[in-house]
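1. I would like the atomic coordinates for the input below:
(one chain, ligands or ions: 2)
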Amino acid sequence: MTKDKKLTSAFGSPVGNDLNTLTAGGRGPTLMQDVHLLEKLAHFDRERIPERVVHAKGAGAYGYFEVTADVTKYTKAAFLSKVGKKTDVFARFSTVGGEKGSADAERDPRGFALKFYTEEGNYDMTGNNTPVFFIRDPLKFPDFIHTQKRDPATNLKSPTMAWDFWSLTPESMHQVTILFSDRGTPATYRNMNGYSSHTYKWYNDKGEYYWVQYHFKTDQGIKNLTGPEAAEMCGKDPDHATRDLYDAIEAGDYPSWTLEMQILSPEQAKDFGWDIFDITKVWPHKEVPPITVGKLVLDRNPENYFAEVEQAAFNPSNLVPGIGVSPDKMLQGRLFSYHDTHLHRLGPNYHLIPVNQPKLAPENNYQRDGNMRVDNNGGGGPNYWPNSFHGPVPDGVSNEPEIPLDGVGARHEYTHPNDDFVQPGTLYSVVMTDQDRTNLVNNILGSMKSVPQPIQLRQCALFYLTHKEYGTRVAEGLGLDMDEVERLAAMTQEERVAATPVK
Ligand code: NDP
Ligand code: HEM
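-> Residues are numbered from 1 along each chain as shown. Ligands and ions are numbered 1, 2, ... in the order given. Below is the predicted model of the structure:
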């Protein structure tokens, strides 16, 4: 702020005194006519908006995405149309379960949300730092999130709620194994990868489509905190990752990520060994080698946190021609949830907030009015379609290629090749080092020690099914009877749950 800027009311009239309330006499009551005081207090009373129901604590930065390989064979997205092409980006990283004031070093997945300001409108890639998720049906999301929040009676975080839910949800094993490895406590936001986790669709200008997954690999290298280091950091600097991102960018040490894509043609997808619409599974790299497509660089901090980061609104349904969704049920559920929550959190015209505005493709439609409609609201142009008065016209070429769909309308379970234990088993036994495995087991023991024994037994049976050594180490660490764990592991999930009632 320059020295000679004059203090004004919200409506521009000069304010003569901002230190002393207007009173009747030096020791008398305040006068109602101190309109400056009334305006200031009333605005203060409304400073808080609802925090995000998940991912409330986060940090954001601007930058750009640069294309480094020709992908026009796969997608007609304009921002991916040429090697060397750069597109402005806003990124927000976050933890998931904690409140807006919670510590950055908590064990949690990290959000990895990107907004590309393309010439065909905004494209949002709203991912996480993990390639999989705990559940694969959106009906379970509110329940799962409740287990990550506070106990309704004690208002405390509850490992019992979390492990009860996971032990009753075997498909969570892959993500639970990643979460309790040291990747569940990244050293900073700069030292983690970002994944779409879901399968999306890319389509080209010939109407051919491909199934794809995004992997933004950190150029800073993966770096994690151990469990004890993370616990210490929570107390020492609850904002350490926010601070790290801001300071690195201020110092000109711009973080970057290399975008690698896994791409499957519909023909390849037919015979693929894993359900590509099941977010609890990855596509093994050997079967679908990733190709390098571009680079993301973050090089500018926001000037105002509330305006730009708190009010940022990401949405998996913000798509551009050339990029579509897949039938992944979780993704389909997300297509509803984000716009809906933004309407609640920010209001019906949240797309007019500068950070959310499509900068290179101005909004042109027949939506009108609503709270905080602060642009010219379509001016005097027609507000209905079709019209004869030169209003905006649908272009027809933005339609996606047709894809064959069939099936019976029912509440289907996932049945396609779908072993929930093989991939986390490979992670445990092949990908992890001895030290990774030890840290994983210790992190789990720290979290599970206070959980009722029937839940411990049920969960250890799932660890055992993932890998015998994994289950044995956790069960022994908890002092459980191994015969009982093995007996439970031999049962179906239904039998296991019936055999482990909690009093
Ligand atoms: P690869 O050996 O080709 O890949 C292993 C992957 O595991 C690498 O991407 C590595 O990431 C990542 N990784 C290493 N340590 C951990 C950890 N503690 N938690 C999570 N990921 C880790 O094997 P496959 O592709 O055959 O996959 C084997 C297993 O690796 C999978 O079952 C899955 O659990 C895990 N994985 C696979 C990914 C995929 O897309 N295929 C992606 C991430 C994990 P980096 O290179 O960044 O260090
Ligand atoms: C944020 C819902 C699954 C990544 C949110 C928000 C909601 C939500 C309501 C708050 C948004 C806001 O207030 O701005 C859901 C539902 C899911 C789901 C219903 C499943 C059915 C996922 C998955 C991922 C993910 C699988 C990652 C692959 C994120 C990220 C944010 C977020 C990164 C924070 C965006 C930001 O930085 O503002 N989600 N989510 N979510 N979600 Fe999800």
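2. which residues touch whichever residue of the chain sits closest to ligand 2?
-> Residue nearest to ligand 2 within the chain (CB to the nearest ligand atom): G111, separated by 2.8 Å. C-beta coordinates here come from the backbone N, C-alpha and C atoms, glycine included. When contacts are counted by CB atoms under 8 Å, 6 or more residues apart in numbering, G111 is found next to H55, G58, R92, F93, S94, T95, V96, T126, G127, N128, N129.
3. is the nearest residue to it once chain neighbours are set aside in a bridge, and if so with what?
-> What sits nearest to G111 in space, not counting adjacent residues and going by CB to CB, 6 or more residues apart in numbering, is S94, at 3.8 Å. Per DSSP bridges, residues listed as beta-bridge partners of S94: G58, G111.
4. so S94 makes contact with H55?
-> Yes. The criterion here is CB atoms under 8 Å, and S94 meets it with H55 at 4.0 Å.
5. shared neighbours of these two, anything?
-> Contacts common to S94 and H55, judged by CB under 8 Å, 6+ apart, are G111, A113.
6. and stretch 203-213, what's its mean pLDDT?
-> Here stretch 203-213 scores 96 as its mean pLDDT.
7. put the alpha carbons of it into CSV.
-> Listed in CSV are the C-alpha atoms of stretch 203-213, where the atom choice follows Å, rounded to 0.1, in the frame of the first residue of the first chain:
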residue,chain,number,x,y,z
TYR,A,203,-10.3,-38.2,-27.6
ASN,A,204,-8.8,-36.9,-30.9
ASP,A,205,-10.2,-34.9,-33.8
LYS,A,206,-11.1,-38.2,-35.6
GLY,A,207,-13.4,-39.2,-32.9
GLU,A,208,-11.1,-41.9,-31.6
TYR,A,209,-10.8,-42.3,-27.8
TYR,A,210,-8.3,-43.6,-25.3
TRP,A,211,-8.4,-44.3,-21.5
VAL,A,212,-5.7,-42.4,-19.6
GLN,A,213,-4.2,-41.8,-16.2
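8. how about that stretch: buried residues?
-> Of the residues in stretch 203-213, those buried by neighbour count under the rule 16 or more other CB atoms under 10 Å are Y203, N204, Y209, Y210, W211, V212, Q213.
9. burial count for N376?
-> N376 is flanked by 8 other residues according to other CB atoms under 10 Å.
10. my read is it is in a strand, agree?
-> No. Counting by DSSP: H, G, I helix; E, B strand; the rest coil, N376 is not part of a strand but coil.
11. any idea how far V397 is from it?
-> 28 Å (CB to CB, to the nearest Å).
12. same question, A187
-> As defined by CB to CB, A187 lies at a distance of 46 Å from V397.
13. between those two, who's got more neighbours?
-> Remark: of A187 and V397, A187 carries more neighbours, 22 against 8, as counted by other CB under 10 Å.
14. check contacts around the more buried one.
-> Taking CB under 8 Å, 6+ apart, we find A187 in contact with K223, N224, L225.
15. report the contact partners of the first one.
-> Shown in contact with K223 (CB under 8 Å, 6+ apart): P186, A187, T188, N191.
16. go with 6 Å
-> Under the criterion of CB atoms under 6 Å, 6 or more residues apart in numbering, the contact list for K223 reads A187, N191.
17. same check, this time on G333
-> If you count contacts by CB under 6 Å, 6+ apart, G333 has them with P138.
18. what element comes up after the one helix or strand it maps to heading to the C-terminus?
-> The secondary structure element spanning G333 is helix 329-345 (assigned by DSSP states H and E). Moving toward the C-terminus from helix 329-345, the first helix or strand encountered (DSSP H and E) is helix 422-426.
19. got the contact list for that next one?
-> Contact partners of helix 422-426, identified using CB under 6 Å, 6+ apart, comprise M173, H174, T177, T466, H467.
20. ok, now with 7 Å
-> Outside helix 422-426, the residues that touch it by CB atoms under 7 Å, 6 or more residues apart in numbering are M173, H174, T177, K281, V282, T466, H467.
21. for the helix or strand following that helix, what is the average pLDDT?
-> Secondary structure here is assigned by DSSP H and E; on that basis, the next helix or strand after helix 422-426 toward the C-terminus is helix 434-448. Helix 434-448 comes out with an average pLDDT of 98.
22. helix 434-448 - contacts with which helices or strands?
-> The elements that helix 434-448 packs onto, with contact taken as 3 or more CB pairs under 7 Å, 6 or more residues apart in numbering; DSSP states H and E, are helix 159-167, helix 173-180, helix 227-236, helix 468-477.
23. closest one to ligand 1 among those?
-> That would be helix 173-180 among these, by CB to the nearest ligand atom, at 4.4 Å.
24. which residues does E66 contact?
-> By CB under 7 Å, 6+ apart, the residues touching E66 are G84, K86, G294, K295.
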